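J.: Need coordinates for the below:
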Amino acid sequence: MDQTNVLLIVCDTLRVDHLGCYGYFRETSPNINYVAEEGVVFEDFYDSGSPTGPCFTCIYTGLHTIHHKFYQFLTPNIRQVDDTIFTMPEIMHAMGYTTTALDNLIKQSARAKHFVRGYEFYINWGPGSFRPTPADMLAEQLNRRLIPWIRNYADEKFFLLVHYWDPHTPYNQPEEYRRIFRHEKGTLSDLKIETAPAGYKYIPGWGRVGEFADGEIKDNLSIDLYDGEICYMDQGIGEVISTLEDVGVLDDTLVIVTSDHGENLLQHYNSWGHESLHDAVTHVPLIMRYPKKLPKGVRVKGFCQHIDLLPTIMDLVGATTDVLEIDGESIMPLLKGKQIRDRIFMEACNGQRAIRTSEWKLLDSEWMGELLCYGERHNLPRKLELYNVKDDPMETINLAENEKEEAKELKEALREWVKANLIWEPDPAVYEDLTELFVRGREYRQNVEKFLKSLGIA
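T.: Numbers count the residues shown, from 1 in each chain. Prediction:
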C-alpha cells in the first residue's frame, strides 16, 4: 500500500519546556519523546495567533490572524472566517483524503463553521454537546472514538486531526495521574536549577527561583497537576501510535505533534492562563515523524510558526500551495540549514501584538482591549515590554526604558508589519464596542446553561 496519511495531533495548552524531548527534567512525555527520537524536533516553533480559536485558524488557513480576522472565539457570530479562504481539511479532502477530526471547537467557538469545513467526519466528542467548557474532555474519552476509527479506516488515505485538551484547566485527570508528581513546597532539591546570563537562578518551565508557583494554589492549580495532565495525555498519544503500528500504517503516516499555545503558570501578569504573548505561551512544540521523507533523531533550529504547517504538509504529501494566498511557507529548508525568516510576529485576541528575533522580544499592548474569556472581562496591563531573551529566558527584566533605541526599532518594525498587512482595511484586532461583545458573550453562556437545565443535565 503506497499512501501518505497525515495525523495532526494538537495538544491544547502544552508548553514546550514541559516535554522531555525539549529538555524538561521530569518524565512527563515518554511517548511524545519516542516520536521525537524517531523524527524531527523543531526547536524554534511559535504560535501565530492566540489563544485556541485564533491558533487553530492560523493552522488551518496558513494565515496570520490579521488576515483571517478570527480574534474572538467565545462570542457568537463575531467575524467568521470568510468562505473564500480555503482550510487545510478542505484542501486535503479535494486531494482525495478521507478527512476526519476528533475535536469540539465547533461548540467552544460559538458555531464558527470554518472549524468543520472540509471534514467528512467531524467527531464532536466531549461532556455535553453545548457545554461552554469542552476542556473537560479526557484523553480516554477521545480515544474511545478515535481508536475504532483508525482501525476501521486504516486502508484509506486519511487526514486526521486529533485535539487533546488535557493540559488545559480544569485539571481533571484520573487520580493516579494527580499523584504522579509531587513537589514539596519550599524545597528546591527535586527541581533543576539553572543560571540565566542575566544573573538570576531559575527552574526551566517554572520560573525564577523564589518567584515560581510553589506548591498547590487556589482553584486546584499546581505545576504538579499540570505535569500530571501532560503525562496522562501522553499515555493516550502512545495508544494512538501503537494502534497505527498495529494496523500497519505507522510508517505510511506523517505524524505531527504540536500545541496551540502554552500556559503562564503565574510567570507573567500573575496569571495562570494564556492571556499574553510571552514565550511561556507562544513557544510551542513541533515534532514530525515520517521515515519515508524525514530523517530520524534530528533537531532543527530556525524560526517557524503555525502558519507554516499548511504549506509544510502540502510539501510532504507532494502538493503545492503556490495558488493559495497564504502567509506561511514550507519549513523543509530548515532541515538543510536554511532560514525562512529572521523574525516572527504574533497576535493575541486581546489586541496585544509581539515581534521576536533571536535576541529580543517586544510586546506592545497599545491595541489591547479587554480579553473576553467565557463571557467575563479580564483587564491586562497596557505597557511596552522589551526582553533580551538570550540573557533573560524567563522574560522578567523589562528593558523598554533602558534600551530605548532597541525598543523604538522593534516597535516601528511591528507597526510597519501591521500597516503593510492592513492596506486599506480597518484593524480587525480593534473592536469598536467591547461592551456589546461582553453582553453577547454572557447571554450566550446563560442561554447554554438554560438549555442544559431544561434537559436536566446542567
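J.: make it CA atoms for all contacts and neighbour counts henceforth
T.: OK.
J.: what ranges do the strands span in the stretch 1-150 of the chain?
T.: 5-11, 40-42, 45-46, 49-50, 98-102, 121-123 (DSSP state E, counting those that start in this stretch).
J.: mean confidence score for stretch 11-26?
T.: If you average the pLDDT over stretch 11-26, you get 98.
J.: Helices of the stretch 351-458 of the chain, residue ranges please.
T.: For the stretch 351-458 of the chain, the helices defined by DSSP state H, counting those that start in this stretch cover 404-422, 434-454.
J.: Lowest average pLDDT across those helices?
T.: Taking the mean pLDDT of the helices of the stretch 351-458 of the chain, helix 434-454 comes last: a mean of 64.
J.: Just say which of the strands of the stretch 1-150 of the chain is most tucked in.
T.: Mean neighbour count, computed with mean count of other CA atoms under 10 Å, is highest for strand 49-50 among the strands of the stretch 1-150 of the chain, reaching a mean of 30.
J.: Quick one: list the elements packing against that strand.
T.: strand 344-348 (3 or more CA pairs under 8 Å, 6 or more residues apart in numbering; DSSP states H and E).
J.: relative to helix 404-422, how tilted is the strand it packs on?
T.: Counting by axes from the mean of the first three to the mean of the last three CA atoms, to 10 degrees, strand 344-348 lies at 70 degrees to helix 404-422.
J.: Quick check: can you name the pairing partners of strand 344-348 and their directions?
T.: strand 49-50 (parallel), strand 353-356 (antiparallel) (DSSP bridges).
J.: Spell out which residues sit in contact with the residue nearest to residue 118 when sequence neighbours are not counted, please.
T.: Excluding its sequence neighbours, the residue lying closest to residue 118 (CA to CA, 6 or more residues apart in numbering) is residue 90, at 3.8 Å. Contacts for residue 90 (CA atoms under 8 Å, 6 or more residues apart in numbering) come out as 117-119.
J.: what would the residues you listed look like in a markdown table with pLDDT and neighbour count?
T.: Formatted as a markdown table, those follow (pLDDT from 0 to 100; neighbours: other CA atoms under 10 Å):
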| residue | pLDDT | neighbour count |
| --- | --- | --- |
| 117 | 92 | 16 |
| 118 | 95 | 21 |
| 119 | 96 | 21 |
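J.: quick one: which of those residues is nearest to residue 423?
T.: residue 117 (28.0 Å; CA to CA).
J.: quick one, what contacts the closest residue to residue 331 other than its chain neighbours?
T.: Nearest residue to residue 331, sequence neighbours excluded (CA to CA, 6+ apart): residue 312, at 5.9 Å. For residue 312, the contact set (CA under 8 Å, 6+ apart) comprises 329-332.
J.: Shouldn't residue 312 be within a helix?
T.: Yes. Assessed with DSSP: H, G, I helix; E, B strand; the rest coil, residue 312 lies in a helix.
J.: coming back round to it: and the gap between the residue nearest to residue 118 and residue 83?
T.: 11 Å (CA to CA, to the nearest Å).
J.: Residue 70 too?
T.: Taken as CA to CA, the span from residue 70 to residue 83 is 13 Å.
J.: rewinding a little: with distance to residue 386 as added columns, please give the strands of the stretch 1-150 of the chain in JSON lines.
T.: Formatted as JSON lines, the strands of the stretch 1-150 of the chain follow (distance: least, CA to CA, whole Å):
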{"stretch": "strand 5-11", "distance to residue 386": "29"}
{"stretch": "strand 40-42", "distance to residue 386": "25"}
{"stretch": "strand 45-46", "distance to residue 386": "18"}
{"stretch": "strand 49-50", "distance to residue 386": "19"}
{"stretch": "strand 98-102", "distance to residue 386": "39"}
{"stretch": "strand 121-123", "distance to residue 386": "42"}
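J.: Tell me which of the ones you listed lies nearest to residue 389.
T.: Per CA to CA, nearest to residue 389 of those: strand 45-46, 14.2 Å.
J.: Give me the helices and strands touching that closest one, please.
T.: Using 3+ CA pairs under 8 Å, 6+ apart, strand 45-46 is in contact with strand 304-305.
J.: quick one: least confident helix or strand in the chain?
T.: None of the helices or strands of the chain scores lower by mean pLDDT, DSSP states H and E than strand 371-373, at a mean of 44.
J.: before we move on, the earlier item: which pair of the contacts of residue 312 spans the longest distance?
T.: For the contacts of residue 312, and using CA to CA, no pair is farther apart than 329 and 332, which are 9.0 Å apart.
J.: neighbour-wise, which of the two wins?
T.: A count of neighbours by other CA atoms under 10 Å puts residue 329 above the other of residue 329 and residue 332, at 22 against 18.
J.: And that one, how close does it get to residue 312?
T.: 7 Å.
J.: Please apply the same query to residue 60.
T.: 12 Å.
J.: For the stretch 201-350 of the chain, which residues score under the pLDDT cut-off?
T.: Nowhere does the stretch 201-350 of the chain drop to pLDDT under 70.
J.: residue ranges for the helices of it, please.
T.: 223-246, 279-282, 309-316.
J.: Am I right that residue 160 is in contact with residue 7?
T.: Yes. Using CA atoms under 8 Å, residue 160 makes contact with residue 7 at a distance of 4.8 Å.
J.: one step back: which one of the strands of the stretch 1-150 of the chain lies closest to residue 203?
T.: Among the strands of the stretch 1-150 of the chain, strand 45-46 comes nearest to residue 203, with 21.0 Å by CA to CA.
J.: average model confidence for that closest one?
T.: 98.
J.: which residues does the residue nearest the centre of the chain contact?
T.: The residue lying closest to the centre of the chain (CA atoms, centre = their mean) is residue 260, at 0.9 Å. Counting by CA under 8 Å, 6+ apart, residue 260 touches 10-14, 47, 50-52, 55-56, 284.
J.: swap the cut-off to 7 Å and go again
T.: 10-13, 47, 52, 55-56 (CA atoms under 7 Å, 6 or more residues apart in numbering).
J.: among these, who's most crowded?
T.: Using other CA under 10 Å as the neighbour test, these are led by residue 47, with 34 neighbours.
J.: and that one, what does it touch?
T.: 55, 260-261, 282-284, 305-306, 346.
J.: Am I right that residue 55 is in contact with residue 49?
T.: Yes. Look at residue 55 against residue 49 with CA atoms under 7 Å: they come within range, at 5.0 Å.
J.: So for residue 154, what's the pLDDT?
T.: pLDDT at residue 154 comes out at 96.
J.: now do the one 5 residues further on
T.: In this prediction, residue 159 carries a pLDDT score of 98.
J.: Next: residue 70.
T.: In this model, residue 70 carries a pLDDT of 85.
J.: What separation do you get for the residue nearest to residue 21 when sequence neighbours are not counted and residue 224?
T.: Of all residues not flanking residue 21 in the chain, residue 33 sits nearest, at 5.2 Å (CA to CA, 6+ apart). Distance, residue 33 to residue 224, by CA to CA: 19 Å.
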